[in-house]
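**Q** following is a predicted model, sequence given first.
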Amino acid sequence: MKYSYFFTRTPSGRLLIKLPKDVELFSDFIELISTEEDVKKIIETIDQVINGTYSEYELFLDAPTVLIKPDITTVSLADILDDPPPDQTMETEEFRKLILIWKEKLPERFIDINL
């Protein structure tokens, strides 16, 4: 894994993934993935782009948008903010790895740590 990451929780207990500043907007997208079915669809889409079925593919989850291309994936918040931060990019293979890492954490996503 090229990018360092760690997990933290909101005060209400929701799991978050933290990424380095230069790719931190990807966490906004990843944290919205809530089911293994969502993961499966995203991984299938990434694989289809990498394998040439699609030249690119745009995914929109709530606010963040990712544009997946064979080598580079871009995340953007431009559609929702008047003064959005600049788009960030990551290697598509690394993005795929992060999605799979998140998949492993899905069962813990809403565990109440205060019980």
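**A** Noted; the coordinates are in hand. Numbering: from 1, shown residues only.

**Q** show me the contacts for the most centrally placed residue in the chain.
**A** By Cα atoms, centre = their mean, the chain has its centre lying nearest to Ile30, at 2.8 Å. Listed by Cβ atoms under 8 Å, 6 or more residues apart in numbering, the contact partners of Ile30 are Ile17, Leu98, Ile99, Trp102. Yep, even glycine has a C-beta here, placed from its N, CA and C like the rest.

**Q** one more time with 10 Å, if that's ok
**A** For Ile30, the contact set (Cβ atoms under 10 Å, 6 or more residues apart in numbering) comprises 5, 16-17, 19, 39, 42, 61, 64, 66, 75, 95, 98-99, 101-102, 105.

**Q** what segments of the chain are strands?
**A** Listed in chain order, the strands of the chain (DSSP state E) span 6-9, 15-18, 57-60, 65-68, 72-76, 88-91.

**Q** torsion angles phi and psi at Glu56?
**A** When quoted as degrees, to the nearest 10, the phi and psi of Glu56 stand at phi -160, psi 160.

**Q** residue contacts, it?
**A** Contact analysis of Glu56 by Cβ under 10 Å, 6+ apart lists Val49, Leu67, Ile68, Lys69, Pro70, Ile72, Thr73, Thr74.

**Q** repeat that for Glu31.
**A** By Cβ under 10 Å, 6+ apart, Glu31 lies in contact with Thr10, Arg14, Leu15, Leu16, Ile17, Lys18, Leu61, Asp62, Pro64, Trp102, Arg109.

**Q** run the last query once more with 8 Å
**A** Contact analysis of Glu31 by Cβ under 8 Å, 6+ apart lists Leu15, Leu16, Ile17, Trp102.

**Q** could you list the low-pLDDT ranges of this structure?
**A** For the chain, applying pLDDT under 70 flags the ranges 78-85, 110-115.
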